[in-house]
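# below are the sequence and a predicted model for it; my questions follow.
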Amino acid sequence: MNQIRRPCIVAKLALAALLPCCSLEPPAPAAPAPTAKKAAAPATTAQSNAPKAAFSYSPVGKRDPFRSYLFDIERREIDVQRSRPREVTEKYELEQYHFMGVVTDTTHPKAMVEDPSGSGHVVRLGSRLGKNGGRVARIDAKQLVVVEDAVDATGKSVRVHVVKHLPHVAVEQASDE
């Protein structure tokens, strides 16, 4: 029992010692600094006339650190979408289109793609394909190459090449191996 009371007594004594330090009265003002002699006055004014190095911050050319870069990317995509009318082949994602056939013996090759609803579309070099506005870059006997412009995390424009193979050519290649 004596051992239990000792910490309580010690705590009460510490509290009693600290209580006089806490008061509701504001602290007394500090004594004014002694005035400098008149001989020292010219030296201090010369120092005060010297130009002070002030820090100045210029936000020109710097991005706002509190604004998400995703906001800028979304705004650019919306501007691009509004600037031109959408083609019929831009209704679905590029991965949802199936490359079905090709006509390559002409000077202007054409390819047929099928959308998820089962409708067929003829595309030429430069035609738009997919929601991201990809352009048909190459059509040959075995594949269709679409180039999409994308924006990476740093805001730089990146070209992504997507290759679509004919279904029967992909089966033939698998059986040859």
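Yep, that arrived.

# could you measure from residue 123 over to residue 152?
According to Cβ to Cβ, to the nearest Å, residue 123 stands 27 Å off from residue 152. Glycine gets a C-beta too; all of them are placed from N, C-alpha and C.

# those two: who's more crowded?
Between residue 123 and residue 152, residue 123 has the larger neighbour count (other Cβ atoms under 10 Å), namely 22 against 9.

# need the residues that contact the helix or strand hosting that one.
In this assignment (DSSP states H and E), residue 123 forms part of strand 120-124. The contact list for strand 120-124 (Cβ atoms under 8 Å, 6 or more residues apart in numbering) reads 88-89, 100, 108-115, 129, 136, 139, 144.

# in a strand, residue 164, correct?
Yes: under DSSP: H, G, I helix; E, B strand; the rest coil, residue 164 falls within a strand.

# identify the residue nearest it in space, chain neighbours excluded?
Closest residue to residue 164 apart from its sequence neighbours, by Cβ to Cβ, 6 or more residues apart in numbering: residue 99 at 4.0 Å.

# got the contact list for that neighbour?
Counting by Cβ under 8 Å, 6+ apart, residue 99 has contacts 111-113, 143-144, 164-167.

# tell me the secondary structure at residue 168.
Residue 168 ends up helix, using three-state DSSP.

# picking that back up, and which of the contacts of strand 120-124 is nearest to residue 67?
Distance to residue 67 across the contacts of strand 120-124 (Cβ to Cβ) is lowest for residue 129, with 33.2 Å.

# beta partners of that closest one?
residue 134 (DSSP bridges).

# that one contacts residue 146, correct?
Yes: if you go by Cβ atoms under 8 Å, residue 129 and residue 146 touch, sitting 5.4 Å apart.
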